[in-house]
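**Student:** Provide a 3D model corresponding to the input given below.
(one chain, ligands or ions: 3)
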Amino acid sequence: MESIIFSSSIKIDLRGFLSRQKYSRLGLIMDSNTFRDCYPLILDGLPDHDYYVFEAGEVNKNLTTCTKIWQWMTDLGLDRKALIINLGGGVTGDMGGFCASTYKRGISFINVPTTLLSQVDASVGGKLGIDFNGYKNHIGVFTEPLAVLISEEFLKTLPIEELRSGYAEVIKHGLIQHANYYSSLLIRGWENQDWKSIIEKSVSIKKEVVSKDPKEAGLRKILNFGHTIGHAFESFYLDTDRHLLHGEAIAIGMITEAYLSELKTGLSKDDVKLISDALIQIYGKFDFPEKDVKEIISLCSQDKKNEADRINFSLLSAIGKCEYNIPVALEEIAASITFYKSL
Ligand SMILES: NC(=O)c1ccc[n+]([C@@H]2O[C@H](COP(=O)([O-])OP(=O)(O)OC[C@H]3O[C@@H](n4cnc5c(N)ncnc54)[C@H](O)[C@@H]3O)[C@@H](O)[C@H]2O)c1
Ligand SMILES: O=C(O)C(=O)C[C@@H](O)[C@H](O)[C@H](O)COP(=O)(O)O
Ligand SMILES: [Zn+2]
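**Tutor:** Ligands and ions are numbered 1, 2, ... in the order given. The predicted model follows:
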């Protein structure tokens, strides 16, 4: 697996890491916000490098941006010994890593995640890719970065709603694997967390799961709890004025999939209520018209966990325990969305 470095001084640790690497040229990929807020934190003492900046946002995690990144790599004449640094959130890591790992059949890259979401989840485990024709992460590969350097320093400029979005993946880690972690999160309240220990704990949960099943043949599917319906909401509203951040969509996914967990894997009614109350308290209730529901449900048919015409979910049997490959019918998905609307 990739090496993960928890840094208390990103400038020093990144410089130290790079001094131990052999590469022909160094290229940075950033979005417009991380160029403004994060690049200055590492610039001083960074060896000679080129950079590419794309417009921030999930709407740009697509083939058009990849084409521009590949063109930039080509124009620079990057060879196969070049090294890429992805400086940004999950969008930069997923897309920058995908471009690096496909350019000339793959050049090395490291991730320097700058959002809570990418520090606790997206930068670890080698899932890379882009959205395609309205489907989330539809085109991609599994390739691990050379290393991930995680520093809390970046969180100072992160907007609060982005911090809250990342927190949804933290809650997911507790719900699928660690009941005690989940309860400890509830006790402190989301804004009062000790982010350093949260990041370390969540990374250790994700790393442990991924190390047992790097390419999602089975167990890794538990990391997808909340994502079958969550991704459908995220995709459906992507380019609209109702657009949801990834974690906000996953919060909706975790509520609807907690409902399905009662139906399919025996999660208690009390736990469904505990989970949905907690998530609504943090994320509020997302309002959407009934007429959208059919199309949202149909997006689940392209989920990567599906087999033939079976829509497979990862569902909880208890808080801290998750099962995978649970087929769910379209009417049951509809009922889970009705449940969400009734809250
Ligand atoms: N590969 C994986 O395992 C995995 C896991 C979870 C999520 N994801 C993907 O990650 C993406 C979501 O990641 P995200 O929430 O980090 O989104 P993001 O990369 O779009 O970052 C969120 C926003 O914060 C800005 N930003 C980033 N760091 C900042 C900083 N330090 N200061 C100020 N602004 C900053 C960005 O410019 C952007 O506007 C989704 O595409 C999701 O599908 C991938
Ligand atoms: O690492 C994983 O595995 C995950 O499922 C983590 C998710 O939080 C993440 O959003 C991932 O990108 C979803 O993957 P996908 O295969 O459903 O696109
Ligand atoms: Zn996710």
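**Student:** does stretch 82-102 reach ligand 1?
**Tutor:** Yes. Stretch 82-102 comes into contact with ligand 1 (Cβ under 6 Å from any ligand atom), by way of 88, 89, 90, 91, 92, 94. C-beta: built from backbone N, CA, C; applies to glycine.
**Student:** in the stretch 101-250 of the chain, what residue is nearest ligand 2?
**Tutor:** Nearest residue of the stretch 101-250 of the chain to ligand 2 (Cβ to the nearest ligand atom) works out as residue 137 at 3.3 Å.
**Student:** how many other residues sit next to that residue?
**Tutor:** 18 (other Cβ atoms under 10 Å).
**Student:** check contacts around the closest residue to residue 11 other than its chain neighbours.
**Tutor:** Nearest residue to residue 11, sequence neighbours excluded (Cβ to Cβ, 6 or more residues apart in numbering): residue 42, at 5.6 Å. The neighbourhood of residue 42, defined by Cβ atoms under 8 Å, 6 or more residues apart in numbering, consists of 10, 11, 14, 87, 112.
**Student:** ditto for residue 23
**Tutor:** 81, 82, 83, 108 are the contacts of residue 23 under Cβ under 8 Å, 6+ apart.
**Student:** pLDDT score for it?
**Tutor:** pLDDT for residue 23: 98.
**Student:** also residue 325?
**Tutor:** At residue 325, pLDDT is 98.
**Student:** SS state for it?
**Tutor:** strand (DSSP: H, G, I helix; E, B strand; the rest coil).
**Student:** you'd agree it is up against residue 305?
**Tutor:** Yes. Contact criterion Cβ atoms under 8 Å: residue 325 and residue 305 qualify, at 7.4 Å.
**Student:** for the protein, which residues are neighbours of ligand 2?
**Tutor:** 121, 125, 127, 136, 137, 169, 216, 220, 223, 224, 227, 304.
**Student:** turn the residues you listed into CSV, columns for pLDDT and secondary structure.
**Tutor:** Listed next are these as CSV, based on pLDDT from 0 to 100; DSSP: H, G, I helix; E, B strand; the rest coil:
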residue, pLDDT, secondary structure
121, 98, helix
125, 96, coil
127, 98, strand
136, 98, strand
137, 98, strand
169, 98, helix
216, 98, coil
220, 98, helix
223, 98, helix
224, 98, helix
227, 98, helix
304, 97, coil
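**Student:** and of those residues, the nearest to residue 236?
**Tutor:** Among those, residue 136 lies closest to residue 236 (Cβ to Cβ), at 10.3 Å.
**Student:** looking at the nearest residue to that closest one once chain neighbours are set aside now. What's its pLDDT?
**Tutor:** The shortest distance from residue 136 to any non-neighbouring residue, by Cβ to Cβ, 6+ apart, is to residue 231 (4.3 Å). pLDDT, residue 231: 98.
**Student:** sticking with residue 231, tell me its helix or strand.
**Tutor:** helix 227-236 (DSSP states H and E).
**Student:** any idea which residue sits dead centre in this protein?
**Tutor:** residue 122 (4.0 Å; Cα atoms, centre = their mean).
**Student:** for the protein, what spans make up the strands?
**Tutor:** 3-7, 26-31, 50-54, 83-88, 108-113, 127-132, 135-142, 147-151, 312-318, 321-327 (DSSP state E).
**Student:** related to what we said a few turns ago, quick check: buried residues in the helix holding residue 231?
**Tutor:** Buried residues in helix 227-236, counted by 16 or more other Cβ atoms under 10 Å: 227, 228, 229, 230, 231, 232, 233, 234, 235, 236.
**Student:** tell me which parts of the stretch 151-300 of the chain are close to ligand 1?
**Tutor:** 154, 157, 158, 162, 165, 246.
**Student:** next up, the contacts around the residue lying closest to the fourth one once chain neighbours are set aside.
**Tutor:** The spatially closest residue to residue 162, leaving aside those adjacent along the chain, is residue 115, at 5.6 Å (Cβ to Cβ, 6+ apart). Contacts of residue 115 were listed using Cβ under 8 Å, 6+ apart, and they are 88, 89, 90, 122, 154, 155, 158, 162, 163, 165, 166.
**Student:** give me the neighbour count for the first one.
**Tutor:** I take that to be residue 88. Residue 88: 34 neighbours (other Cβ under 10 Å).
**Student:** the second one now?
**Tutor:** Residue 89: 29 surrounding residues under other Cβ under 10 Å.
**Student:** can you pull the phi and psi angles for it?
**Tutor:** phi -90, psi -160 (degrees, to the nearest 10).
**Student:** not counting its neighbours along the chain, what's nearest it?
**Tutor:** Per Cβ to Cβ, 6+ apart, closest to residue 89 is residue 115, 3.6 Å.
**Student:** phi first, then psi, for that neighbour.
**Tutor:** According to degrees, to the nearest 10, residue 115 has phi -110, psi 160.
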